[in-house]
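# here is my input; please provide its structure:
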Amino acid sequence: MKSPRFLADPAARARLWLALIIGFPLLIFLLYMAGVFGLGDLFRRCPPECAGNNYDRAELAGADFAGTKLSQASFVGAQLAGADFSGADIYFANFQGADLTGANLQKANLRAALLNEADLTDADLRGAVLAGARMQQANLGGADLRETDLSTISLVGTELRGTIIDETTILTPKWQLVWEIVNEGGAGRNLAGAELRGAYLAGVDFAGADLQQAQLQDTDLTGADLTGARLDLASLHQARLDDTTRMDGKWRLVWEIVNRAQRGRALADAELSYADLTGAVLYGANLQGALFSHANLTEADLRQTDLRGTDLREATLVHASLRESLLTGADLSGADLSNADLTWAVLAGLIWDESTTVADKWRLGWEIVNRGGAQADFSGRYLSFVNLVGADLTGANLSGVDLQGANLEGADLTGADLTGAILVGAWLVNADLTDTQLDGVQWDQANLEGARLPAGFP
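Numbering: from 1, shown residues only. Have a look, this model is predicted:
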């Protein structure tokens, strides 16, 4: 049998071959795309196959999704009141801000689902699988959680008032306690040391409750009644209060201090004993005569504060900044000043004892300004950045001492030995250095304005 005449032409055969190489794959691709976008619905019907579908802000109240496969579907802001998702596979679905009021979610697979800010009021979640799901700021008021495991769920900011649970419901001890508080009340209850961070406690009655050392960070206490509650060392950081929250004036002030940073506060004679003021900004505040005994001032900003006569007994001031603060008459007996910064703080008249925990250089500086340092041997000691204004160091052995950045304004160093001392950046305004030995002293950037120096000193 003879081949068609056009195939006898080599050029024609080449064109045909090229057309087959390019055209056939292109035809296959076009058929595939048509199947995916044009004919897919003929083979895949929703429901039951709805995985990955987008229903954001859709009006689906009362919709029937029972047994449907909805993994990775998106229902952001959707209206789903009364919808039926019983037995549905909703793995990794997004219900952020959705209205699921009264929805049926019995035995639904909600693994890793996003339910933040969703309204699940009166929803039926019996037997639902919620491992890895996120449910923060959601509303579970009246929801049925029997036979449901919520042991891996964070319920930060979630409403649990009226939520139905029983012995088949699995909750962590923290959220079990939160449920009990919002449903059974907290008045007069012993909640000392309770871990309630992030709990939604709006409107709860805590009158007379013991909340000493309770963790109340980021809790919602709007409308709550804390009248007469004991809040010694309770943390109120980022807690939400409003005008309807009832609280004793002392603790309202504590809340304001830790949540509303403000310089130059007028807090003279304030009663803040046993207050948790961790990280409080009290820069430049007037705290004369204030009561801070046993208060927690860890990492507090107390720079340039007036602390004259302040009661700081047994207070915790770990890593606190007291730079240039005025401490005359302040009582720090038994206080913990580990790693506190007392740069240029006025130590004259400060009261502390052997039980006060403080770095050696600050204690030594205190001894010099309060008991004198004349003729004493301080060789090789560290006194950098210590306030030694007007100190009597006549005839003292200060050889090799580190006085970098120290304030020696008006200090009497007559006849002292400063051989090899470090005075870099020190403040020696009007200091008396008559007959002082100054061989090998490091003076870089030291301020010697008005200082009296040894005769012939360059």
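
# lowest average confidence, helix or strand, in the protein?
helix 40-43 (a mean of 44; mean pLDDT, DSSP states H and E).

# which parts of the helix or strand just after that one are buried?
Using DSSP states H and E, the next helix or strand after helix 40-43 towards the C-terminus is helix 173-184. Neighbour-count burial for helix 173-184 flags Lys174, Trp175, Leu177, Val178, Trp179, Ile181, Val182 (criterion: 16 or more other C-beta atoms under 10 Å). Any C-beta I mention is one placed from the backbone N, CA and C, and that applies to glycine too.

# may I see these organised as JSON lines, with pLDDT and distance to Asp119 added?
Formatted as JSON lines, the buried residues of helix 173-184 follow (pLDDT from 0 to 100; distance: C-beta to C-beta, whole Å):
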{"residue": "Lys174", "pLDDT": "97", "distance to Asp119": "23"}
{"residue": "Trp175", "pLDDT": "97", "distance to Asp119": "19"}
{"residue": "Leu177", "pLDDT": "97", "distance to Asp119": "24"}
{"residue": "Val178", "pLDDT": "98", "distance to Asp119": "19"}
{"residue": "Trp179", "pLDDT": "98", "distance to Asp119": "18"}
{"residue": "Ile181", "pLDDT": "97", "distance to Asp119": "22"}
{"residue": "Val182", "pLDDT": "97", "distance to Asp119": "17"}
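
# between those residues, which is nearest Asp377?
Lys174 (57.6 Å; C-beta to C-beta).

# verify the contact between the closest one and Leu191 for me.
No. Lys174 is beyond contact range of Leu191, at 12.0 Å (criterion: C-beta atoms under 8 Å).

# which of the buried residues of helix 173-184 lies closest to Asp301?
Nearest member of those to Asp301, counting by C-beta to C-beta, is Lys174, at 31.3 Å.

# helix/strand/coil for Val258?
Using DSSP: H, G, I helix; E, B strand; the rest coil, the structure places Val258 in helix.

# apart from its chain neighbours, what residue comes closest to Ser384?
Gln404 (4.3 Å; C-beta to C-beta, 6 or more residues apart in numbering).

# with Gly193 instead?
Closest to Gly193 by C-beta to C-beta, 6+ apart is Gln213, at 4.8 Å.

# okay, now the one you found: neighbour count?
18 (other C-beta atoms under 10 Å).

# name the SS class of it, please.
coil.

# so where is the stretch 1-150 of the chain shaky, pLDDT-wise?
Across the stretch 1-150 of the chain, the ranges flagged by pLDDT under 70 are 1-20, 22-24, 26-27, 29-45.

# right, I mislabeled it, should have said the stretch 351-458 of the chain
Using pLDDT under 70, the stretch 351-458 of the chain has no residue that qualifies.

# what ranges do the helices span in it?
Along the stretch 351-458 of the chain, counting by DSSP state H, counting those that start in this stretch, helices occupy 360-371.

# list the contacts of the residue nearest to Gly193.
Ala192, Gly193, Asp232, Leu233, Ala234 (C-beta atoms under 8 Å, 6 or more residues apart in numbering).

# likewise for Gly334?
Arg313, Glu314, Asp353, Ser355, Thr356.

# doesn't Ala335 make contact with the last one?
It stands for Thr356. Yes. With contact defined as C-beta under 8 Å, Thr356 reaches Ala335; the gap is 5.3 Å.

# neighbour-wise, which of those two wins?
Ala335 (28 against 22).

# who's in contact with that one?
Applying C-beta under 8 Å, 6+ apart, the residues near Ala335 are Leu312, Arg313, Glu314, Ala315, Thr316, Leu317, Trp352, Thr356, Thr357, Val358.

# and those residues as a markdown table, adding distance to Phe206?
Output for the contacts of Ala335, formatted as a markdown table (distance: C-beta to C-beta, whole Å):
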| residue | distance to Phe206 |
| --- | --- |
| Leu312 | 29 |
| Arg313 | 29 |
| Glu314 | 26 |
| Ala315 | 26 |
| Thr316 | 25 |
| Leu317 | 29 |
| Trp352 | 37 |
| Thr356 | 35 |
| Thr357 | 34 |
| Val358 | 38 |
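
# burial of Arg263, as a residue count?
Residues near Arg263, counting by other C-beta under 10 Å: 12.

# one more: Leu236?
Quick note: Leu236 (other C-beta under 10 Å) scores 28 neighbours.

# if we ignore the residues flanking it in sequence, what's nearest it?
Trp255 (4.6 Å).

# tell me which helix or strand the one you found sits in.
helix 249-259.

# what comes up buried for that helix?
Those buried within helix 249-259 under the rule 16+ other C-beta under 10 Å are Trp251, Leu253, Val254, Trp255, Ile257, Val258.

# for stretch 283-293, same thing?
Tyr283, Gly284, Ala285, Asn286, Leu287, Gln288, Gly289, Ala290, Leu291, Phe292, Ser293.

# avg pLDDT for that stretch?
Stretch 283-293 comes out with an average pLDDT of 98.

# measure it end to end?
19 Å (C-alpha to C-alpha, to the nearest Å).

# neighbouring contacts of it?
263-275, 277, 301-315.

# quick one: Arg313 and Asp336 touch, right?
No. At 11.2 Å, Arg313 does not count as touching Asp336 under the criterion of C-beta under 8 Å.

# can you tell me how far the residue nearest to Gly193 sits from Thr227?
19 Å (C-beta to C-beta, to the nearest Å).

# for Val76, same thing?
For Val76, the distance to Thr227 - C-beta to C-beta - is 41 Å.

# settle it for me: which of these two has more neighbours?
Shown here are Val76 and Thr227; by other C-beta under 10 Å, Val76 has more neighbours (17 against 14).

# tell me how many other residues crowd the closest residue to that one other than its chain neighbours.
The shortest distance from Val76 to any non-neighbouring residue, by C-beta to C-beta, 6+ apart, is to Asp56 (4.4 Å). Asp56: 14 surrounding residues under other C-beta under 10 Å.

# check the one 5 residues further on too.
Other residues within reach of Ala61, judged by other C-beta under 10 Å, total 15.

# what's the answer for Asp166, then?
9.

# got the phi and psi for it?
phi -150, psi -170 (degrees, to the nearest 10).

# what's it in contact with, if anything?
Applying C-beta under 8 Å, 6+ apart, the residues contacting Asp166 are Arg146.

# where's it relative to Thr68, distance?
29 Å.

# I'd guessed Ala229 sits against Ala209; true?
Yes. Taking C-beta under 8 Å as the definition, Ala229 is a contact partner of Ala209 at 4.7 Å.

# so which strand or helix has Pro25?
Using DSSP H and E, the element containing Pro25 is helix 10-33.

# sorry, back to before: pull the contacting residues for the residue nearest to Leu236.
Leu236, Ala239, Leu241, Met247.

# same thing but at 10 Å, please
Trp255 is in contact with Leu216, Leu221, Leu231, Leu236, His237, Ala239, Arg240, Leu241, Thr245, Met247, Ala275, counting by C-beta atoms under 10 Å, 6 or more residues apart in numbering.
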